[in-house]
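Participant: Sequence first, predicted coordinates after that:
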Amino acid sequence: MTDYFEYRHTVGLEETNLVGNVYYVHYLRWQGRCREMFLKERAPGVLAELREDLKLFTLKVDCEFFAEITAFDELSVRMRLAELAQTQLEFTFDYIRLGPDGDQPLVARGRQRVACMRGPNTATAPALVPEALARALAPYAAGGPALAGRPA
């Protein structure tokens with residue numbers, strides 16, 4: 001088993017600019033997509049909570065670029081849990097270009113900080129990270145199973 005959750009993506013023409021490079025906002029969009037697919041595949045119970053009153057607010061996002069990618073490049077977006085606190089999570093994302101000859105260069109690296117909130121849209125309050133989500137993320141913890149704010 002790997003220590004990351006993987007989302008695979010083929011870059012489309014619509015994701016490139018006039019000179020053929022991928023526009024930076026797509027890297028951020030792929031982070032969100034990776035997180036969504038994780039919930040769908042590994043924590044479907046959390047999806048039911050999202051339909052109720054749980055909200056996952058993205059507080060901070062960043063991405064550092066090392067190499068350009070273009071249309072039809074195959075990517076592996078690899079998400080790891082960097083921090084698990086009482087009400088917040090932080091993820092890292094490695095963007096790997098998958099080559100036909102097996103080479104896998106790192107083309108970008110990102111981070112994302114998320115807060116859990118509950119309540120109606122007009123009166124949300126911080127909430128504990130759902131236990132089902134913490135359990136589903138445990139295999140992908142960069143620092144091992146015991147992270148800040150949670151018992152091992």
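Facilitator: Happy to help now that I have it. Residues are numbered from 1 along each chain as shown.

Participant: okay, CA-based contacts and neighbour counts for the rest of this
Facilitator: Will do.

Participant: And the contacts of stretch 118-133?
Facilitator: With Cα atoms under 8 Å, 6 or more residues apart in numbering as the test, stretch 118-133 has contacts from 43, 45-46, 53-55, 85-89, 115-117.

Participant: residue ranges for the helices of the chain, please.
Facilitator: With DSSP state H as the criterion, the chain has helices at 25-42, 44-51, 131-137.

Participant: With mean pLDDT, distance to residue 124 and mean neighbour count added, can I get the ones you listed in a markdown table?
Facilitator: Formatted as a markdown table, the entries for the helices of the chain read as follows, by pLDDT from 0 to 100; distance: least, Cα to Cα, whole Å; neighbours: other Cα atoms under 10 Å:
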| stretch | mean pLDDT | distance to residue 124 | mean neighbour count |
| --- | --- | --- | --- |
| helix 25-42 | 97 | 21 | 16 |
| helix 44-51 | 94 | 13 | 13 |
| helix 131-137 | 97 | 19 | 16 |
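
Participant: I'd say residue 60 and residue 114 touch.
Facilitator: Yes: when contacts are counted by Cα atoms under 8 Å, residue 60 is listed as touching residue 114 (7.3 Å).

Participant: out of those two, which sits in the more crowded spot?
Facilitator: Per other Cα atoms under 10 Å, whichever of residue 60 and residue 114 has more neighbours is residue 114, with 19 against 11.

Participant: Which pLDDT value goes with the closest residue to that one other than its chain neighbours?
Facilitator: With Cα to Cα, 6 or more residues apart in numbering as the measure, residue 58 is the residue that lies nearest to residue 114, at 4.5 Å, once sequence neighbours are left out. Taken from the predicted model, the pLDDT recorded for residue 58 is 96.

Participant: Pull the contacting residues for residue 58.
Facilitator: Contacts were defined as Cα under 8 Å, 6+ apart; by that measure residue 58 touches 112-115.

Participant: how near is residue 99 to residue 58?
Facilitator: With the distance defined as Cα to Cα, to the nearest Å, residue 99 ends up 31 Å from residue 58.

Participant: cool, residue 109 as well?
Facilitator: In this structure, residue 109 and residue 58 are 17 Å apart, going by Cα to Cα.

Participant: Right, I'll call it a day here.
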